[in-house]
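K.L.:
Sequence plus the predicted model coming up.
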Amino acid sequence: MNDKNKALSTAQDNLQVAQNDLQAKTNDLNNKQQALKNAQDILNNSDVGKAQQALDDANKQVSDDQQALNTAQSNENKAAMDVADAQNAVNVAQNNLDKATQAVNSATKDVQDAQAAQQTAQNAVNQKQSEVDKLNSQLSSVNTITLPAGYADAIKAYSDS
């Protein structure tokens, strides 16, 4: 997410630089067009050769400045596209983060449910163990009768006869 934000910030900075460059080129073009107009005025009122050269120079400068303006506009458009791409990447990263957060929340709920089920099962085990212990206690306290020595053999001999 941090890299995406850096990319967006860089793209926005590049866009600002391109916009500033475009504004500077536009201002320069306006100045050159004024110089061209001035050269044309000179041409109409002075030495034709010098005025024609000034006009040709001004026309070349205007052409160069127009090319620079077109380049600056192209750079601004590219920077704007970079900003849009970076914003899309930030949006995708945020969406992925939201999905991951939902998955963590779901897993946390599953763990909590499993812990609750484990506690319920442990309580049932504890209750059953208590019942077993109670029955064992009852069984151990039952009175037992010890038969005299040879009593079992006498009963067996009697039943055999």
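P.N.:
Happy to help now that I have it.

K.L.:
I'd say residue 59 and residue 35 touch.
P.N.:
No - using C-beta atoms under 8 Å, residue 59 is not in contact with residue 35, being 10.3 Å away. Where you see a C-beta, it was placed from the backbone N, CA and C, and this is true even at glycine.

K.L.:
The spatially most central residue of the chain: what's it in contact with?
P.N.:
Nearest residue to the geometric centre of the chain (C-alpha atoms, centre = their mean): residue 93, 2.7 Å. By C-beta atoms under 8 Å, 6 or more residues apart in numbering, the residues touching residue 93 are 1, 4.

K.L.:
give me phi/psi at it?
P.N.:
Note on residue 93: its backbone torsions stand at phi -60, psi -40 [degrees, to the nearest 10].

K.L.:
Show me the shaky parts of this structure.
P.N.:
Applying pLDDT under 70 to the chain picks out residues 43, 45-48, 51, 143-144.

K.L.:
one more time with 90
P.N.:
1-94, 96-98, 100-101, 133-161 (pLDDT under 90).

K.L.:
where along it do the helices fall?
P.N.:
With helices called from DSSP state H, the chain shows them at 2-45, 48-140, 151-160.

K.L.:
Quick one: distance of the second one to the chain centre.
P.N.:
So the one you mean is helix 48-140. Mean-position distance between helix 48-140 and its chain equals 1 Å (C-alpha atoms, centre = their mean, to the nearest Å).

K.L.:
Equivalent analysis for stretch 16-23, please.
P.N.:
30 Å.

K.L.:
ok, and what's touching that stretch?
P.N.:
69, 72, 73, 75, 76, 78, 79.

K.L.:
And that stretch, what's buried?
P.N.:
For stretch 16-23, the neighbour count (16 or more other C-beta atoms under 10 Å) marks 18, 19, 21, 22 as buried.

K.L.:
one step back: need the winner for burial among the helices of the chain.
P.N.:
helix 2-45 (a mean of 15; mean count of other C-beta atoms under 10 Å).

K.L.:
Just the angle for it relative to helix 48-140, thanks.
P.N.:
170 degrees (axes from the mean of the first three to the mean of the last three C-alpha atoms, to 10 degrees).

K.L.:
how far does helix 2-45 sit from the chain's center?
P.N.:
On C-alpha atoms, centre = their mean, the centre of helix 2-45 falls 36 Å from the chain's centre.
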